[in-house]
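# What follows is a protein structure lacking sequence information:
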C-alpha cells in the first residue's frame, strides 16, 4: 500500500459542519455529500510539489500527479477535514525534507538521500487553509439551504 500523507485542517464553523453531517446522514443524499466534498478538495499539494520539489528527472510532475483525496469526519465532538496523498513515493519523507532514490546507473540497489526544503505538502496546505475554510463554509451554507428546501 502506498504511503499516506495526512494534514488536518480545523475550520471555523466546525459545529456547523457537524450539524450538517448529521442532517446529510439522516437525509441519505449522496449528491449533496459529494458537492460538499468537492468544495473541500481545494488544496495546495499539487502546487507545492511543482514549486518546491526537484524538477530535474520529472519528480515534481510525478508527485503533483499523485492522487490527493479528502477525508471528512462530522462525528464526535468536532468536525475535521484531512487531505490525504497516495503515491508510490514516500510523501511523508519528502515533506520532512528527504528524498530517497536509486543512484542512476547502479542496478544493484545503490540508493542515495537528497535533502530538499521541507514542507512542500504541509506548508502548501497550510497556506491554502484560509481559502479552503471559506469555500467550506460557503458549501456548508449551500448544502444546508438545499436540505432545508427539500425537507
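On my side now, so go ahead. From a predicted model like this one, the values you see are computed outputs, not experimental measurements.
# Would you map the strands across the chain?
For the chain, the strands defined by DSSP state E cover 4-9, 67-73, 80-86, 98-102, 111-115.
# Pick out the shakiest of the ones you listed, pLDDT-wise.
With a mean of 48, strand 4-9 has the lowest mean pLDDT of the strands of the chain.
# count of residues packed around the nearest residue to residue 64 once chain neighbours are set aside?
Using C-beta to C-beta, 6 or more residues apart in numbering and skipping the chain neighbours, the partner closest in space to residue 64 is residue 49 (4.1 Å). (Each C-beta comes from the backbone N, C-alpha and C, glycine too.) If you count neighbours by other C-beta atoms under 10 Å, residue 49 ends up with 26.
# what does residue 111 give?
Neighbour tally, residue 111, other C-beta under 10 Å: 9.
# now residue 127
The burial count for residue 127: 14, using other C-beta under 10 Å.
# same question, the one 4 residues further on
For residue 131, the count of nearby residues is 12 (other C-beta under 10 Å).
# before we move on, the earlier item: was I right to think the residue nearest to residue 64 contacts residue 120?
Yes - contact status for residue 49 versus residue 120: in contact at 5.8 Å, counting by C-beta atoms under 8 Å.
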